[in-house]
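J.: Here's a sequence, model it:
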Amino acid sequence: PYFVPETFDLSREDELQEFNTTLWKRNGLKRPWVLKIPNVNQGKGITMLGPQSEELKHVLDTVKQTEETKYIIQQYICNEMTWNQRKFDVRVFWLVCVVTI
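T.: Model prediction:
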């Protein structure tokens, strides 16, 4: 679906290789991407990578140079859903009170 962006966990070798294939062989360079550090909030640790940008072309070099930091990369959704012309996110928390087996 359009609201679930293509996402790769670059700390996993198989997903890093899959992203490399997407980037160079599946027109990934023509799309905008968002590089994120997981478990960080308030917009910290987010880097926008524009189509055909030098940063996007060398993103895997950046990831490999900082192996102690984990990264996730997602395709940027350009026409996202808005509420009153503002972007939003939905967070859901569950509280399980009783589990009966």
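
J.: for the chain, which spans come out with low pLDDT?
T.: Applying pLDDT under 70 to the chain flags residues 1-3.

J.: What's the separation between Arg12 and Leu23?
T.: Distance of Arg12 to Leu23, given as CB to CB, to the nearest Å: 16 Å. The C-beta positions use only the backbone N, C-alpha and C, and glycine is treated the same way.

J.: Tell me where this protein has strands.
T.: For the chain, the strands defined by DSSP state E cover 7-9, 33-36, 46-49, 72-75, 82-83, 86-87.

J.: so which of the ones you listed is the most packed in?
T.: Of all the strands of the chain, strand 33-36 has the most neighbours on average by mean count of other CB atoms under 10 Å, namely a mean of 20.

J.: Return the distance of the longest helix along the chain from the chain's centre.
T.: Longest helix of the chain, by residue count under DSSP state H: helix 13-25. Between the centre of helix 13-25 and the centre of its chain there are 13 Å (CA atoms, centre = their mean, to the nearest Å).

J.: and what of stretch 32-43?
T.: The chain centre lies 7 Å from the centre of stretch 32-43; the measure is CA atoms, centre = their mean.

J.: got it, and stretch 72-92?
T.: 12 Å.

J.: before we move on, what about stretch 94-101?
T.: 32 Å.
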